[in-house]
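> show me the folded form of this:
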Amino acid sequence: MAALICTMAMSVGLSAASRAEALSYDEFREVHRQGEDAVSYAEREVIFEERKRQVVAHNARFDAKKESWSMTLNRFADYMPAELAQTHGYKRVGGRWARGGGGSSFLQTGGIDAGSDDSSDVGHSDVNVSSLARTVDWTSTMNTSNHVHDQGACGSCWAHAAVAALEAHAELASGGHGELATQSVIDCAPNPRHCGGSGGCEGATAEIALEHARRHGIVLLDKFSKGTCRRKQSGLKIHSFVRLPENQPLRLMEAMATKGPVVMSIDANKLHLFHGGIFDACQADTVVNHAILGTGYGTDPETGKDYWRIKNSWGESWGEKGYFRVQKAKVGANGEIDNNYMCGTDYKPQEGVFCDQHPVSIPVCGMCGILSDSVYPVIRASDNVAPATAARSYADAVRNQAVTPTEAIQAPVIGAGPGFLARGHQLRGAGFQTEADPSVAMIQQVISVF
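Purely as a prediction, here's the structure:
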């Protein structure tokens with residue numbers, strides 16, 4: 001171990017490519033993999049050396065300013081392909097919105113299938129981008145919900161992303177409830193139509209997780225015990241959840257700026273060795289297979305690229321302290337945005353959030369298909385006991401933001417959070433969410449999958 005510490009110390013100041021090149025497999029194993037397992041040392045070493053060559057080549061381009069993100073030899077560097085796939089969590093085998101006895105796992109809003117192409121009644125027909133914050137970072141205004149989940153070798157991204165959203169919206173609504181029992185959702189949420197997989201560590205969808213929480217509640221982690229699936233939980237209560245129209249960036253920006261963090265989906269096949277920067281490694285045609293939590297958006301001052309800021313569920317040591325940024329369509333000076341940015345086709349919808357009877361292909365937009373599936377929970381403070389520390393007044397919210405009421409109204413650049421006002425809109429943020437909000441249609445009826 002002393003030799004490893006010495007080697008790592010000597011690598012300080014080296015380029016990203018040189019740091020990767022200097023790491024041997026034995027040194028890597030000292031940190032990430034001690035002892036033997038079902039895969040032989042020799043097999044893992046071959047995988048490691050191949051990925052090391054990829055990282056060195058990529059980081060040489062990054063050092064030359066030809067790439068916007070860097071790679072690293074993290075704990076995934078010697079994973080076998082099947083082990084990497086297990087870190088996703090979508091293994092969809094059917095049709096998400098099939099009509100007439102098919103595979104809808106979600107909802108109907110006002111009699112219209114919210115997952116169909118006819119979603120014109122969901123949200124504003126036109127989003128006024130100038131009314132939205134130019135930079136949003138919900139983690140800068142939150143405390144109890146900023147911890148990063150780690151799904152380990154369990155294909156449960158769907159549950160971790162949904163519960164991370166619940167933790168965030170609980171804090172925004174009533175001051176926070178602490179870390180929730182994600183395992184209760186993994187263990188207990190039924191998935192008979194195989195939406196996103198066969199359930200548990202074999203995959204499901206965030207909507208299934210949120211519907212389970214809506215029906216049964218979800219307890220704090222320190223109150224959870226195994227074998228309690230059939231009991232009504234006495235913890236956090238969720239009022240409903242909202243699915244956003246797919247492949248529409250302005251609707252997603254509006255929800256993220258005015259409502260809070262949003263569960264999103266992405267193609268994670270090239271993401272495991274991400275280290276930092278603005279991720280842009282996907283083609284327009286992509287396979288969406290991983291659920292994550294969008295916590296904001298902004299513009300990178302170094303590259304000038306716009307990005308979505310994302311919380312992953314691969315632990316705090318991964319990426320940018322558990323987070324990453326992925327390129328998003330640029331917003332122009334007059335609020336214009338390319339709605340067709342990175343639009344392509346997912347030819348393997350069976351590997352994502354679909355249920356039985358899946359279509360041959362589906363349209364996806366955004367880098368790595370990130371606009372294809374988005375949802376956020378609705379939590380009412382009145383349904384939950386608020387901790388004494390909750391900021392329950394506008395004055396408290398403004399004080400927490402360190403801005404005056406005038407600044408909060410007139411400066412959409414301040415970011416989102418408690419006390420944030422979009423011009424011409426009602427007060428939104430911690431403790432101020434209204435049940436009847438015209439910006440995004442609410443779920444009126446959930447099609448049962450239980």
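
> please tell me I have it right and Q327 contacts W69.
No: Q327 is beyond contact range of W69, at 9.1 Å (criterion: C-beta atoms under 8 Å). Placement of C-beta: from N, CA and C, glycine included.

> what is in contact with the two at once?
I278, F279, D280 (C-beta atoms under 8 Å, 6 or more residues apart in numbering).

> quick check, nearest of those to K321?
Set against K321, the nearest of these by C-beta to C-beta is F279 (15.0 Å).

> so which of the shared contacts of Q327 and W69 is the closest to G322?
F279 (14.3 Å).

> next, give phi and psi for the nearest residue to the closest one once chain neighbours are set aside.
What sits nearest to F279 in space, not counting adjacent residues and going by C-beta to C-beta, 6 or more residues apart in numbering, is V326, at 4.6 Å. The phi and psi values for V326, taken as degrees, to the nearest 10, are phi -120, psi 140.

> repeat for L84
Backbone torsions for L84, taken as degrees, to the nearest 10, come to phi -60, psi -40.

> correct me, but it touches L273?
No: the pair L84 and L273 fails to qualify as a contact (C-beta under 8 Å) at a distance of 10.0 Å.

> these two - which one has more neighbours?
The residue with more neighbours, out of L84 and L273, is L273; 23 against 16, by other C-beta atoms under 10 Å.

> mind pulling up the pLDDT for the more buried one?
As predicted, L273 sits at a pLDDT of 98.

> and I112, what pLDDT?
pLDDT, read off for I112, is 25.

> what does A388 give?
37.

> and for P249?
Confidence score, pLDDT, at P249: 94.

> can you count the residues close to it?
Neighbours around P249, by other C-beta under 10 Å: 24.

> the one 4 residues further on now?
The local packing of M253 (other C-beta under 10 Å) involves 23 other residues.

> pretty sure L220 sits against G178.
Yes: at 5.4 Å, L220 counts as touching G178 under the criterion of C-beta under 8 Å.

> how is the chain divided into domains?
2-81, 107-382+440-446 (automatic domain parsing).

> as JSON lines, these with distance to H88 would be great.
Below are the domains of the chain laid out as JSON lines (distance: least, C-beta to C-beta, whole Å):
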{"stretch": "domain 2-81", "distance to H88": "12"}
{"stretch": "domain 107-382+440-446", "distance to H88": "4"}
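
> quick one, strands of the chain?
69-71, 107-109, 112-113, 136-137, 240-243, 262-266, 274-279, 290-299, 306-311, 323-327, 344-346, 362-364, 375-378, 445-446 (DSSP state E).

> joint contacts of L84 and L273?
By C-beta under 8 Å, 6+ apart, the residues touching both L84 and L273 are F76.

> circling back to that earlier point, pull the number of nearby residues for the residue nearest to F279.
26.

> do E49 as well
Using other C-beta under 10 Å: E49 sits among 14 other residues.

> then the one 10 residues further on?
N59 is surrounded by 23 other residues when neighbours are defined as other C-beta under 10 Å.

> equivalent analysis for Y347, please.
Using other C-beta under 10 Å: Y347 sits among 14 other residues.

> nearest spatial neighbour of it, skipping sequence neighbours?
Going by C-beta to C-beta, 6+ apart, Y347 has S361 as its nearest residue, at 4.9 Å.

> show me the contacts for the one you found.
Per C-beta under 8 Å, 6+ apart, neighbours of S361: T345, D346, Y347, P349.
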